[in-house]
Each structure stands twice: as C-alpha cells, then as structure tokens.
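Novice: Sequence and predicted structure are below.
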Amino acid sequence: MYTNVLKGNTRRIDIVIETTLKGTDVLVIVHIELQSYKQNDFHKRMYHYFSMLYNKFQKPIVPIAVFTYKEEWETDQYTMEFPFLHVLTFNYLTLHLKKKNWRAYIHSDNPAAAAQMSQMGYKEEERLQVKKEFLRMIVRMELDSAKQRIVYGFFGREESINFLLLHKCN
C-alpha cells in the first residue's frame, strides 16, 4: 500500500480481512497491525492506515493493534484538535501480549492463541514449559501441515522451532 505517493514511500499493512459481523450480513474490514517495538507515533500510523483503508473500501473498519514488546507504553487513540476546535478522535482496539498469561490459553483450540503464546508474559524458567504446551496444542488441534507451518512461523519468531521438534515433550 502506498502511504505517500509523491515521495514513493510504501508500507505494508500486516493483516486486512473482509468478513461479516457475527450473526449478521454486515460486511466489515478488520485491520490487525502487529507492533514489535515501541513507536511514539504509532497511533498516527494506525489512523493513517485506517483512513487509507476506508478511502479504498468505503466499509466499516475494526482496527486492532497487537503489541509484542515488553515496554508498558501503549496508546489506543489518535486525536487531532486545535485550541478552538476538536477535529477528530480515532480509537482502536489493543492487545498487549506481554500482559497476557500464557497458561490461560493452553486449553484453547485456536491456532492463533497457540501462535501468540511465545509472545505472552512468562518467566525465563517457564520458557521450556511454554514450548512444550505449544507443541501439545498443535498435536491436539490436528492441523494440516500447511497450517502447522504458519503457526510454527509465528511461534518461532524469536527463535527456531526446529529445536523443539528434536526434543520429546512429556
């Protein structure tokens, strides 16, 4: 997606899905942006993506930011205003994975939950246990090999999953 046509700058939006709201026929666009580092103007970028998506699709958009960094900073709003006029308040949903406890997700049959467990909050001494539980989830879900590779790719962002496949998980 071109973000500044005159300068030729491009950025890739992480995930954009067109779907219907559960139980309705209403079409919406879901935009999920993964953010792995603290960026003070991230909220402006979310608004920029929102406005470009809206201009292109002219449909309601559900914007979601998924933070995977350890810093506590996060924001869920972009505001544009002057001393004499409030122009805009743009809000988006946030999910800060480091604030989630990985143990709450080990019984889930959702591949996305399994993939994100490595980014959730855990102590260093729990690292091997997180990996073991991840592999148990994958086996239990009986995913086809293509879906397994996708989930392994997300889980193994910080380090290779191949190490895990060589070790027996009790």
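Specialist: Noted; the coordinates are in hand.
Novice: Hmm, D14 and E33 touching each other?
Specialist: Yes: between E33 and D14 there is a contact under CB atoms under 8 Å: 5.2 Å. In this view, the C-beta of every residue, glycine as well, is placed from N, C-alpha and C.
Novice: Who has more neighbours out of those two?
Specialist: A direct count of neighbours by other CB atoms under 10 Å for E33 and D14 places E33 higher, at 20 against 14.
Novice: show me the contacts for V130.
Specialist: W102, M117, S118, M120, Y122 (CB atoms under 8 Å, 6 or more residues apart in numbering).
Novice: Could you double-check that T19 sits in contact with L27?
Specialist: Yes: the criterion here is CB under 8 Å, and T19 meets it with L27 at 7.5 Å.
Novice: Pass me the low-pLDDT residue ranges in this structure, would you?
Specialist: Low-confidence segments of the chain, defined by pLDDT under 70: 1-9, 11, 73, 156-170.
Novice: That one: strands as residue ranges?
Specialist: Listed in chain order, the strands of the chain (DSSP state E) span 2-4, 9-10, 15-20, 27-35, 61-67, 77-82, 85-91, 93-96.
Novice: Those into CSV, with extra columns for distance to G153?
Specialist: Converted to CSV, the strands of the chain look like this (distance: least, CB to CB, whole Å):
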stretch, distance to G153
strand 2-4, 26
strand 9-10, 23
strand 15-20, 14
strand 27-35, 13
strand 61-67, 15
strand 77-82, 31
strand 85-91, 31
strand 93-96, 19
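Novice: Looking at the ones you listed, spot the one closest to K44.
Specialist: Closest to K44 of the strands of the chain, according to CB to CB: strand 77-82, at 5.8 Å.
Novice: Sheet partners, orientation included, of that closest one?
Specialist: strand 85-91 (antiparallel) (DSSP bridges).
Novice: how about the strand it pairs with as PDB, C-alpha atoms only?
Specialist: What follows is strand 85-91, C-alpha atoms only, in PDB (Å, rounded to 0.1, in the frame of the first residue of the first chain):
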ATOM      1  CA  LEU A  85     -11.800  23.100  17.600                       C
ATOM      2  CA  HIS A  86     -11.800  19.300  18.300                       C
ATOM      3  CA  VAL A  87     -11.500  17.800  14.800                       C
ATOM      4  CA  LEU A  88     -11.100  14.100  15.400                       C
ATOM      5  CA  THR A  89     -10.800  11.300  17.900                       C
ATOM      6  CA  PHE A  90      -9.800   7.900  16.400                       C
ATOM      7  CA  ASN A  91      -9.900   4.900  18.600                       C
END
